[in-house]
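Undergrad: Return a 3D structure for these sequence lines:
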Amino acid sequence: MNYPAAAPPVPVSHVPRWVWAGLVLLHLVALGWQLRRQQPYFPDSGRYVQAAHNLRTHGTLYAESLAGPALRPQEFTIRPPAYPLLLLLTGADTAGRQPLIMLLLQNGLSLLNLTLALRWLASSRLSPRQWGLVLLLAATAPAQIIYANVLMSELLLQTAVVVLWRALLAFGQPARPTRAFAVAALATAAALLSKPVFFPAAAFLLVLGLVTGWRRQRPALAVWGAVPVLVALLWMSRNEARTGYFHFSSITEINLLRYNVRGVLQAAEGPAAAENFVRSTLAESERLPAFRDQQHYVQRAGMTVLWRYPLAYAGQHLRGMLTFFLDPGRFDLVYFLGLQDAAGPGLLHHLNQRGSPALWEYLRHLPLGLLAGLLLILAANLLRLVLVLRFLASRSYSRVSRLLLLALVGYVAFLTGPLGASRFVVPVLPLLLAAAGAGLTAGPAFRSAVGAAWQSLRPATGTGDDG
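TA: The predicted structure follows:
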């Protein structure tokens, strides 16, 4: 007896309810773990909490205790104000107190950001099986729920980035472009007040506002484009009043010397030479009387090293960008779960010091369960990256949507550079998840694009002139 063939799964133009249920469940499990463990602090959380505490008690944004013998100018500007202010408003500015309101808010922001990303993806009409893979990719990106449940600014920045992405997508549509661009400007301002990495983005938005305002004869676009620059200048003026140096954040020089230059010297001259250079540079800079002169000295010394070893730095930068997309997040997992090797240095540290031979030694010292979990996440990250590339190469989606996602993700990855790690991908993680889901439907178009590119690279035959 012949039975009729089963009908293929019908694609849906909305996010299935079971996908929402899965995402909510993931967040509830992570929140429950955090409430049980009661350790919402990562190594960098202390400065945020202290800055919020000082803001409440003394009206001063300073990232260390004000009771010290001498105040350090860099601590006035190392943290932008948005996240400490949010900690203050939610009562999370006192160490040792469970910041329940803040954790609930961050979980809400995480779900909001995923909602905005997946609703964009829903227009691709995924099949139930494809939605299942999207949910699996979300479940194997634990940084999303980890940073929703610790006191770090990643989720606040993620919200600004996702809103910026959706606003710029709407700006490309004919309906209400000025309103969409205004939202994009405010999101950019919020992003740079959350993390210094978005400080340069203010200039890009200003140029975009000026150009599109001129072409469309809408002066309001130029005005809104200037808002992030104005906000940045106001913050820099505040920093100058506090430190005597007109700048956005002291974290720039800290990252330059302690991470970029140190990593290059470890690879080029060895760990001992790198540590000696960092210590001597800091010692020499501290002999200068003015904070501005100290920062300029660090900049000159650091850039001299990078110019001396341009290939070593380029390799370090590219490796960091690749790590940005693929890092499974050992650091995040061991701190969040409270595992024993939480204080141990990561793989990048060992690679910078001893090169590729350190890989096997590092892996064989990891607990077997942790290693298995990290390999699973690494495989999921690799799959996500392949699917994102399929989306970017597909002609099934508009060029504007593909270029915008490439610009935002590429911007964060490039400026993160040698620091690339799972923590730094969190601000663009919903964008990558949406692009990976879109890549699931890009198969035929992707193959035709690759085929056309291959044909264009093949040498022509039978048309040459032998003289």
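Undergrad: Backbone torsions only: list them for Ser398.
TA: When read as degrees, to the nearest 10, the backbone of Ser398 gives phi -60, psi 150.
Undergrad: And for the one 4 residues further on?
TA: The main-chain torsion angles of Arg402 are listed as degrees, to the nearest 10 and equal phi -70, psi -40.
Undergrad: Repeat that for Ile377.
TA: With angles defined as degrees, to the nearest 10, Ile377 shows backbone torsions of phi -70, psi -40.
Undergrad: The nearest residue to it once chain neighbours are set aside - how many residues pack around it?
TA: Of all residues beyond its chain neighbours, the one nearest Ile377 is Pro328 (3.7 Å), with distances taken as C-beta to C-beta, 6 or more residues apart in numbering. Quick note: C-beta positions are derived from backbone N, CA and C, even for glycine. Other residues near Pro328 number 25, with proximity taken as other C-beta atoms under 10 Å.
Undergrad: same question, Gly410
TA: Applying the criterion other C-beta under 10 Å, we find 13 residues in the vicinity of Gly410.
Undergrad: And it, how far from Pro418?
TA: According to C-beta to C-beta, to the nearest Å, Gly410 and Pro418 sit 16 Å apart.
Undergrad: what's the answer for Ser153, then?
TA: Taking C-beta to C-beta as the measure, Ser153 falls 20 Å from Pro418.
Undergrad: And for Ala273?
TA: In this view, Ala273 and Pro418 are 18 Å apart by C-beta to C-beta.
Undergrad: Show me which of the two is the more surrounded one.
TA: Summary of the neighbour comparison: Ala273 and Pro418, criterion other C-beta under 10 Å, with Pro418 having more neighbours (23 against 12).
Undergrad: SS state for the residue nearest to the more buried one when sequence neighbours are not counted?
TA: Closest residue to Pro418 in three dimensions, ignoring its sequence neighbours and counting by C-beta to C-beta, 6+ apart: Gly320, at 3.9 Å. Taking DSSP: H, G, I helix; E, B strand; the rest coil as the rule, one finds Gly320 in the helix state.
Undergrad: Let me see the contact set for Gly320.
TA: Leu348, Thr416, Gly417, Pro418, Leu419, Gly420 (C-beta atoms under 8 Å, 6 or more residues apart in numbering).
Undergrad: how about TSV for those, with secondary structure added?
TA: Formatted as TSV, the entries for these read as follows, by three-state DSSP:
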residue	secondary structure
Leu348	helix
Thr416	helix
Gly417	helix
Pro418	helix
Leu419	helix
Gly420	coil
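Undergrad: Select from these the one having the most neighbours.
TA: Each of the contacts of Gly320 was scored for neighbours by other C-beta under 10 Å, and Gly420 scores highest at 25 neighbours.
Undergrad: What's the separation between that residue and Phe324?
TA: In this structure, Gly420 and Phe324 are separated by 3 Å, where distance is defined by C-beta to C-beta.
Undergrad: Common neighbours of those two, please.
TA: Residues touching both Gly420 and Phe324 (C-beta under 8 Å, 6+ apart): Ala413.
Undergrad: residues touching Val161, list them.
TA: Under the criterion of C-beta under 8 Å, 6+ apart, the contact list for Val161 reads Ala187, Ala191, Leu408, Val412, Pro427, Val428, Leu431.
Undergrad: Out of those, which comes closest to Gly132?
TA: If you rank these by distance to Gly132 using C-beta to C-beta, Leu431 comes first, at 20.5 Å.
Undergrad: OK, contacts around that closest one?
TA: Ala117, Val161, Val162, Trp165, Leu405, Leu408, Val409.
Undergrad: Check it and give its pLDDT.
TA: Predicted confidence (pLDDT) at Leu431: the value is 98.
Undergrad: Can you tell me the element it falls in?
TA: Using DSSP states H and E, Leu431 sits within helix 429-439.
Undergrad: Report the distance from that helix to the chain centre.
TA: Taking C-alpha atoms, centre = their mean, to the nearest Å, one finds helix 429-439 lying 14 Å from the centre of the chain it belongs to.
Undergrad: residues of that helix that come out buried?
TA: Going by neighbour count (16 or more other C-beta atoms under 10 Å), the buried part of helix 429-439 is Leu429, Pro430, Leu431, Leu432, Leu433, Ala434, Ala435, Ala436, Gly437, Ala438, Gly439.
Undergrad: what would these look like in a markdown table with distance to Asn255?
TA: Output for those, formatted as a markdown table (distance: C-beta to C-beta, whole Å):
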| residue | distance to Asn255 |
| --- | --- |
| Leu429 | 21 |
| Pro430 | 25 |
| Leu431 | 23 |
| Leu432 | 23 |
| Leu433 | 27 |
| Ala434 | 29 |
| Ala435 | 27 |
| Ala436 | 29 |
| Gly437 | 33 |
| Ala438 | 33 |
| Gly439 | 32 |
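Undergrad: Looking at those residues, which one is closest to Arg258?
TA: Looking across the buried residues of helix 429-439 and measuring by C-beta to C-beta, the closest to Arg258 is Leu429, at 25.8 Å.
Undergrad: Spit out the contact partners of Ser205.
TA: Ser isn't right for residue 205; it's Leu. Applying C-beta under 8 Å, 6+ apart, we find Leu205 in contact with Ala184, Ala185, Thr188, Gly225, Pro228, Val229.
Undergrad: Switch those residues over to TSV; also include distance to Arg17.
TA: As requested, the contacts of Leu205 are arranged in TSV below (distance: C-beta to C-beta, whole Å):
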residue	distance to Arg17
Ala184	31
Ala185	35
Thr188	34
Gly225	40
Pro228	38
Val229	43
